[in-house]
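Q: Okay, sequence plus prediction incoming.
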Amino acid sequence: MNIENIKALLLENQYYIPTGVFLLCLLIQLIYYLVIYSRFVFYKSKQLSEPEEPVSVIICARNEAENLEKYLPIVLTQNYDDYEVIVVDDGSSDETEYVLKRLQMQYPHLRYTKIHEDKKFTHGKKLAVTIGIKAARHDILVFTDADCKPAGNMWLHQIAGNFTAGKEIVLGYGGYNRRRGLLNKYIRYDTMVIAMQYFSYAICGFPYMGVGRNIAYRKSFFYKTAGFSNHLHLMSGDDDLFVNENATGKNTAVEFSKESHTRSDPQTSLKKWSQQKRRHLTTATLYKFRHKFLLALEPFSRFVFYLLFVYLLFFHEIRLYVLAAFAFRFFIQFLIIKNAMIRLKENNLLLYSFIFDIFSLFINFWLYISNRIRLRHRTWK
């Protein structure tokens with residue numbers, strides 16, 4: 001083959017090969033939206049059993065006096081016959097203990113314990129969670145954070161009602177309150193997409209994570225699976241790594257009805273949010289390989305899809321077909337995202353979601369890279 005033939009072949013393949021890759025990425029994207037994410041959007045909740053077992057609610061708090069004052073009474077007045085609330089005061093230096101003592105006089109089913117600060121010994125949230133689990137009197141454990149507000153007095157009923165035969169873990173939704181500003185919109189969007197993913201994967205039979213703001217599992221299951229022993233050295237992972245290691249399609253249930261949500265205030269500065277996000281990303285590298293592969297394939301195929309879309313627009317012979325393919329994916333994405341937002345009660349994000357869909361690729365890549373090149377910040381939460 002001479003040079004002229006090689007040149008002709010290269011010119012001929014200027015859009016043939018990219019078009020093939022573009023269509024492959026389109027197919028991958030459609031599989032995610034129509035096969036995986038649609039399972040969440042069109043999921044029909046099963047009839048919940050009437051909760052009969054007693055429940056222990058566990059909340060770990062460090063310097064959360066103000067939030068406990070506002071939100072703990074909502075947890076303590078749930079429409080549930082038999083439950084206790086355990087607050088683990090993890091070395092607080094504010095008025096947390098005073099607030100708990102006062103509330104305990106009003107609510108006898110409130111119990112609390114305190115971890116005294118030891119400057120010679122640093123620990124993460126897992127120690128507080130473990131102490132709360134050991135103190136629990138009941139087998140069903142429901143976890144939330146001190147800064148989380150349950151949607152109403154049926155929150156506990158909705159979560160606990162999923163513990164039917166064979167179910168050991170229940171994944172709930174922990175959203176963020178709506179505030180002004182683009183950062184708030186992005187945080188809520190990011191939280192919604194992550195929830196759509198972990199709910200969808202769980203419904204498909206391969207759960208990979210949950211969030212500590214709203215999760216439940218059995219105490220006996222925690223001990224049977226050796227709890228946090230495999231990742232006790234990490235500051236994060238008391239929720240997602242525990243689920244990733246032990247959840248299966250058979251032992252995991254999902255609950256995302258409106259009454260089962262919790263809400264908390266998001267970070268208000270980009271710096272604090274990025275630090276929080278980086279801490280959460282440290283555990284993702286320890287997920288099972290199949291989870292890491294599936295979670296990486298979607299953004300990778302999305303990035304290549306957008307890149308080749310721009311490139312192929314320069315070829316007038318196929319421009320209309322490329323635009324049609326892009327429009328078709330956009331339409332499918334619109335339907336899935338819109339319905340996911342409806343299910344999770346995340347309003348006023350739809351128009352922003354299409355911009356965030358592109359920029360999240362760069363944001364998450366930047367967070368991942370920065371996580372690899374800088375020292376991890378060892379903070380409690």
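A: Right, received. Where do you want to start? In this text, all values refer to a predicted model and were calculated from it rather than measured experimentally. Numbering: from 1, shown residues only.
Q: Report the separation between residue 191 and residue 103.
A: 29 Å (Cβ to Cβ, to the nearest Å). Every residue, glycine included, has its C-beta placed from N, CA and C.
Q: Could you pull up the contacting residues of the residue nearest to residue 28 when sequence neighbours are not counted?
A: Spatial nearest neighbour of residue 28, chain neighbours left out: residue 301 (4.1 Å); criterion: Cβ to Cβ, 6 or more residues apart in numbering. Contact analysis of residue 301 by Cβ atoms under 8 Å, 6 or more residues apart in numbering lists 24, 25, 28, 29.
Q: Which of the helices or strands spans the first one?
A: Same thing as residue 24. Per DSSP states H and E: residue 24 is located in helix 16-31.
Q: next one: residue 93
A: With DSSP H and E as the test, residue 93 turns up in no helix or strand.
Q: what's the burial count for it?
A: 10 (other Cβ atoms under 10 Å).
Q: likewise the one 3 residues further on?
A: Here the number of neighbours of residue 96 (other Cβ under 10 Å) works out to 25.
Q: which residues does it contact?
A: 61, 62, 63, 64, 65, 68, 89.
Q: got a list of what the nearest residue to it once chain neighbours are set aside touches?
A: Leaving aside its chain neighbours, residue 96 sits nearest to residue 65 (4.6 Å; criterion: Cβ to Cβ, 6+ apart). Each residue near residue 65 by Cβ under 8 Å, 6+ apart is listed here: 92, 94, 95, 96, 98, 99.
Q: for residue 299, same thing?
A: Here residue 299 is in contact with 360, 361, 364 (Cβ under 8 Å, 6+ apart).
Q: quick one on the thing from earlier: as a whole number, average confidence for the helix holding residue 24?
A: In this model, helix 16-31 has a mean pLDDT of 92.
Q: And it, what does it pack against?
A: helix 289-312, helix 319-343 (3 or more Cβ pairs under 8 Å, 6 or more residues apart in numbering; DSSP states H and E).
Q: For burial, what's the neighbour tally of residue 113?
A: 15.
Q: Could you do residue 132 as well?
A: By other Cβ under 10 Å, 23 other residues sit near residue 132.
Q: The helix or strand hosting residue 113: how far from the chain's middle?
A: Assigning secondary structure by DSSP H and E places residue 113 in strand 110-115. Mean C-alpha position of strand 110-115 versus that of the full chain (Cα atoms, centre = their mean, to the nearest Å) differs by 27 Å.
Q: quick one: contacts of the helix or strand following it?
A: For strand 110-115, the following helix or strand on the C-terminal side (DSSP H and E) is helix 125-135. For helix 125-135, contacts defined as Cβ under 8 Å, 6+ apart pick out 58-60, 62, 86, 88, 90, 111, 113, 115, 141, 143, 212, 219, 222, 227-228, 232, 235, 237-238, 380-381.
Q: Let's see that with 7 Å instead.
A: Contacts to helix 125-135, defined as Cβ atoms under 7 Å, 6 or more residues apart in numbering, come from residues 58, 60, 86, 88, 90, 111, 113, 115, 141, 219, 222, 227-228, 232, 238, 380-381.
Q: cool, and stretch 34-54?
A: Outside stretch 34-54, the residues within contact range by Cβ under 7 Å, 6+ apart are 80, 82-83, 138-140, 157, 160-164, 196, 199-200, 203-204, 257, 332, 336, 339-340, 343.
Q: chain center to that stretch, what's the gap?
A: Per Cα atoms, centre = their mean, the displacement of stretch 34-54 from the mean C-alpha position of its chain is 17 Å.
Q: One more: stretch 192-202?
A: Distance, stretch centre to chain centre, for stretch 192-202: 7 Å (Cα atoms, centre = their mean).
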